[in-house]
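Engineer: This is the structure alone, sequence omitted:
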């Protein structure tokens, strides 16, 4: 048998040795599951194993285990070290066995092994040391299993005489030393028939005490003079003192009382996601499409409200409560929903702070580019921004751990778990039949099973909904997905399923492709914009559907929105008509506009309203003196002077047709309009001043970057390169050297003459060499090369570490050593 065969047959002695025997696919799976191990790329497999056993990395890996994989790790932490597979299975399935546990255990063990949390053959399973320290029971950190210390651990400080008394009370023969005494007691407690016979002799009061400690916590308090039934338990080792006044139930005794189970309840199978309602897929898709259009309209309306500059940025950052209320009223929404749309527009890069001295929120240049996109593509921008955003609108109005109020657009709304929870909730919806809406409680139960350590237990009664962050994120996801248009009536829509088709982890190109496909699915479901309205005699106009943007923008100036819904109702008022005239429209322009875009004749009351307002519009002219009023009809000016409501304007007549005011032109305009007049502002040249909204835009801004939950998942290219580099580095660090004893990680050291001579000899013989190399940045590394040419102060050869031909300056090589055998033989 060769050396390699003997090494392959012998069990691995360390985690590094086991990793060394894995294939490249298995190593890539490990690095994909635990991307923190790649930062930076380990030099070799020994360093990878060391890093995989660090506390921070193990904690991150354990937090991502599902319930059964975590319970398997917890069972291993209370099993013998190493533990055979049969012992582990017995701890999870109990004495009576459990078919579901026995079927699921190989998969859970494979998960732990693939993530380098468990290693060793089936008959010698080992939990990595750091994981055992985290999960094993101790007085400071009780185990989730509720088990206490083993009998060996609990009796570690007990006197030999006391141990012999316990042995005798338990009906066992005396032993010669404490070790054999503990072994005899352990054998008794783990022997089911003998242990049952021992407990049969215990009175009911004592059994009640043991029952209270059986499922944990395993510690109890006793007085200096315990009751007789407690004294009996102490004498027989069923309770062991751990400190003055404190006793514990040994692990072996607890497992007997539990019928061998490490956990009271084992969850080998994930909870099923229940179906609350079922709808026809077509209804789901059309409902979601209607909501998608509403999402676009809402974001556009929000940005129109902030067209000339939005609310001020608070000193601490974010939107004030008053400004959020004002925005909610303008959008006719509740404040939480308004906060969601504000945050979504921010996440999509459509709004930002302008960065000026009196900092305000405003639309970004990206908003103008977004408006030019077709409606389905605009929706895809919003949907993808929501899926990947870490900002969490549901937190607005609450307080953080430091009792700071969380405001919309504020600095403390990022929650790194949000994208993962959103993606997982939608993936669970995608697993249901088309048209099926899930039961929300079952979705939350499934998420808690998948990440138990990241889902804290509810502090309320068992009937209360859990209030941990992940559960709240899941509930918000179900609501927000409906608002965005990914779901309809609670069920995932066709465009939602298409958007989720991007591979995970998906590159930006793959995500963009999925978004384009989703937009194509949505396009035929969106209503076509209309080019007409229905004018009615009560001075209203009804838009029976979405309007083309030029028509909607003009109508928004000419009339006020009275109600929204499936159809939008606009109302014409003197103020709205005057607003259109102030924007530069003439009466004839308004008549022509309404005639062209109405499917019904222009009602006579509306025509009269336009003509009446136009006839009065501009009859009075206001300019800057401070301000003045001029009018060709001096009787009108006399009427103004006589009106008591004009006293605050402090007017005085300069000429029969001119009044001067001590108010500014804006206040004068508002005051005269409040008195029922229709004044128009004029320029210094005497022309009517046309008032149009001046768009305020921020400088170019990028959308906020999501706050990652740990290192990003590596793509296939990075994984392949990392595995190749780790393999090559491991080859360089483990290849046998000829007559070169060294410490692990130490670079070879030779003189320049020795290095040159060895290189030249290797070119002639074709032998591979082990070299130490320091690059231009000063980073040292070990490499295995096969030199083919040495000239001009450089050596060129095949670098087994990089798997390519490279050239190295001789002056950067610290030393060289011959290998005992070729790299191919040591791989």
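Structural biologist: In hand now; what should we look at? Because the structure is a prediction, the values reported are computed rather than measured.

Engineer: which residues touch stretch 649-660?
Structural biologist: 625-634, 637, 640-641, 661-663, 667-668, 671 (Cβ atoms under 8 Å, 6 or more residues apart in numbering). Placement of C-beta: from N, CA and C, glycine included.

Engineer: Could I get the full set of strands for the stretch 351-500 of the chain?
Structural biologist: With DSSP state E, counting those that start in this stretch as the criterion, the stretch 351-500 of the chain has strands at 351-353, 361-363, 436-438, 487-488, 491-492.

Engineer: What of the stretch 501-650 of the chain?
Structural biologist: Ranges of strands within the stretch 501-650 of the chain are 534-536, 540-543, 560-563, 568-571, 621-623, 627-630, based on DSSP E, counting those that start in this stretch.

Engineer: Show me what the second one is packed against.
Structural biologist: Yep, that's strand 540-543 we're talking about. strand 534-536, helix 549-558, strand 568-571 (3 or more Cβ pairs under 8 Å, 6 or more residues apart in numbering; DSSP states H and E).

Engineer: mind running it again at 6 Å?
Structural biologist: Identification of packing neighbours for strand 540-543 by 3 or more Cβ pairs under 6 Å, 6 or more residues apart in numbering; DSSP states H and E yields strand 568-571.

Engineer: and if you look at the last one?
Structural biologist: The criterion is 3+ Cβ pairs under 6 Å, 6+ apart, and the helices and strands that strand 627-630 contacts are strand 658-661.

Engineer: picking that back up, export the strands of the stretch 351-500 of the chain to JSON lines and tack on mean neighbour count, mean pLDDT and distance to residue 551?
Structural biologist: Putting the strands of the stretch 351-500 of the chain into JSON lines (neighbours: other Cβ atoms under 10 Å; pLDDT from 0 to 100; distance: least, Cβ to Cβ, whole Å) gives the following:
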{"stretch": "strand 351-353", "mean neighbour count": "23", "mean pLDDT": "92", "distance to residue 551": "25"}
{"stretch": "strand 361-363", "mean neighbour count": "25", "mean pLDDT": "92", "distance to residue 551": "21"}
{"stretch": "strand 436-438", "mean neighbour count": "21", "mean pLDDT": "95", "distance to residue 551": "36"}
{"stretch": "strand 487-488", "mean neighbour count": "27", "mean pLDDT": "94", "distance to residue 551": "28"}
{"stretch": "strand 491-492", "mean neighbour count": "29", "mean pLDDT": "96", "distance to residue 551": "34"}
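
Engineer: Let me have these in JSON lines, extended by distance to residue 264.
Structural biologist: Shown next, in JSON lines, are the strands of the stretch 351-500 of the chain (distance: least, Cβ to Cβ, whole Å):
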{"stretch": "strand 351-353", "distance to residue 264": "51"}
{"stretch": "strand 361-363", "distance to residue 264": "53"}
{"stretch": "strand 436-438", "distance to residue 264": "28"}
{"stretch": "strand 487-488", "distance to residue 264": "37"}
{"stretch": "strand 491-492", "distance to residue 264": "36"}
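
Engineer: Can you tell me which of those is nearest to residue 526?
Structural biologist: strand 487-488 (13.2 Å; Cβ to Cβ).

Engineer: residues making contact with that closest one?
Structural biologist: Strand 487-488 is contacted by residues 284, 287-288, 481 when judged by Cβ atoms under 6 Å, 6 or more residues apart in numbering.

Engineer: what about 10 Å?
Structural biologist: 279, 281-292, 426, 429, 435, 437-438, 477-482, 493-496, 525 (Cβ atoms under 10 Å, 6 or more residues apart in numbering).

Engineer: Quick one, which of the residues you listed are buried?
Structural biologist: 279, 281, 284-292, 426, 429, 435, 437-438, 477-478, 480-482, 493-496, 525 (16 or more other Cβ atoms under 10 Å).

Engineer: can you tell me which of the residues you listed are in helices?
Structural biologist: 281, 284-292, 426, 429, 477-478, 480-482, 494-496 (DSSP state H).

Engineer: are any of the contacts of stretch 649-660 buried, and which?
Structural biologist: Among those, the ones that count as buried by 16+ other Cβ under 10 Å are 627-631, 637, 640, 661, 663, 668, 671.
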